[in-house]
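Colleague: the following block contains a protein sequence and its predicted model.
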Amino acid sequence: MKTARGFTLVEIMIVLAIVMVLATLAISSALRVRLNANEVAAVASCRTVVTAAQNFYSNTYPHTYPGSLSELVPPTSNPPYLDSVLAGGTKQGYRFTYNFVNTENFTLNADPEVPGRTGIRHFYADETSVIRANANTTAGPNDPAVE
């Protein structure tokens, strides 16, 4: 009498189902980590732009904030205040929009390029150096500060 060796179709299907569940959990966790990393990078980039604009303001006479991000990189600026990638307006899944209001004021918005995929929160900063966030729409001066 011979005994069959190997796995049954049911056993193989159960193992595949378990592997697929574990893979789904791992992928969703990895995507969540990526979103968080993009948001942390966006906050850091907002701080960098605000610091660069304030340094520009301190080094110009009469004092004024830059008219655009391109004024903070060579050849327009010597010394350079920003790297060319950030001055280009996009970095790590976020689009940065700098607006010169007047010689004493500016605004900066950082919005995800693809909301829900490259980031969830929208960020806002101005000459006060306070970074604010909004999870639903473009952030503004009345949104809560990022902690």
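Modeller: Okay, I see it.

Colleague: so how far is residue 64 from residue 38?
Modeller: Computed as CB to CB, to the nearest Å, the residue 38 to residue 64 distance reads 32 Å. C-beta here means a position set from N, CA and C on the backbone, and glycine is covered the same way.

Colleague: more neighbours, those two?
Modeller: Shown here are residue 38 and residue 64; by other CB atoms under 10 Å, residue 38 has more neighbours (21 against 15).

Colleague: tell me the spacing between the closest residue to the more buried one other than its chain neighbours and residue 107.
Modeller: In space, and not counting its chain neighbours, residue 38 is closest to residue 93: 4.3 Å by CB to CB, 6 or more residues apart in numbering. To residue 107, residue 93 is 21 Å away according to CB to CB.

Colleague: compare neighbour counts for the two and give me the winner.
Modeller: Taking neighbours as other CB under 10 Å, residue 93 and residue 107 compare with residue 93 leading, 18 against 15.

Colleague: what's stretch 114-123 in contact with?
Modeller: By CB atoms under 8 Å, 6 or more residues apart in numbering, the surrounding residues in contact with stretch 114-123 are 35, 38-39, 42-43, 46, 92-94, 109-113, 131-139, 146.
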